[in-house]
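>>> this is a predicted model, with the sequence first.
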Amino acid sequence: MTDDLICIGAIAGAFGVSGEVRLKSFCSTPTDIASYGPLLSEDGSREFHISLTRPVAGGLGARIRGVSTKEQADALRGTSLYVPRNRLPGLPDDEFYHADLIGLLAHDTGGVALGKVTAVYNHGAGDILEISPAGHKSALLLPFTAAIVPNVDLAAGRIVVDLPEESD
């Protein structure tokens, strides 16, 4: 994947029997996924022209140009959908695209290296950073809040993490 493509959704599978798909949108406003023009495959080789049909359990119903059967829709299950970064809106200083956080080096408030951000999760209660260890036995999972991550420096490629106190 090139650095200028940002994942904004995925095809979760067929919905119904006439080629409609269920989309998972990673946009802050889920329906915005259809407003960024044709979406691309991870390598940029395929275009997906999306039109939303309705909200469905676990996502959005959508039609994709050229997909008219359940089998065609099922074949797209698991396909991640990307958009060139230049089509996305700019963000305020305190907001970040997940793709920009992945790969940043994490240091504690004393400057000790903790590891690297390897994933960002959101299961509905806010973003969680996964930090691969540098001297820890397992990955750290930390809430991405201003209290826990008081400093994000994209230009320097690092974040500062104020680790919570360990309880006995």
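It's in.
>>> what packs against the helix or strand hosting I159?
Taking DSSP states H and E as the definition, one finds I159 inside strand 158-161. The contact analysis (3 or more CB pairs under 8 Å, 6 or more residues apart in numbering; DSSP states H and E) places strand 158-161 against strand 105-108, strand 151-153. (C-beta placed from N, C-alpha, C; glycine too.)
>>> for the protein, which segments count as strands?
5-14, 21-25, 39-40, 47-48, 50-56, 59-64, 80-84, 105-108, 113-122, 127-133, 140-143, 151-153, 158-161 (DSSP state E).
>>> and the fifth one, which residues are buried?
Going by neighbour count (16 or more other CB atoms under 10 Å), the buried part of strand 50-56 is 50, 52, 56.
>>> quick one, it and strand 5-14 angle?
60 degrees (axes from the mean of the first three to the mean of the last three CA atoms, to 10 degrees).
>>> just the CA trace of strand 50-56, in PDB.
This file holds the C-alpha atoms of strand 50-56, laid out as PDB (Å, rounded to 0.1, in the frame of the first residue of the first chain):
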ATOM      1  CA  ILE A  50     -20.300   3.000  -4.100                       C
ATOM      2  CA  SER A  51     -23.900   4.200  -3.600                       C
ATOM      3  CA  LEU A  52     -25.400   3.700  -0.200                       C
ATOM      4  CA  THR A  53     -28.900   2.100   0.000                       C
ATOM      5  CA  ARG A  54     -29.800   2.000   3.700                       C
ATOM      6  CA  PRO A  55     -28.500   1.400   7.200                       C
ATOM      7  CA  VAL A  56     -28.200  -2.300   8.000                       C
END
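>>> I am finished for the moment; much appreciated.
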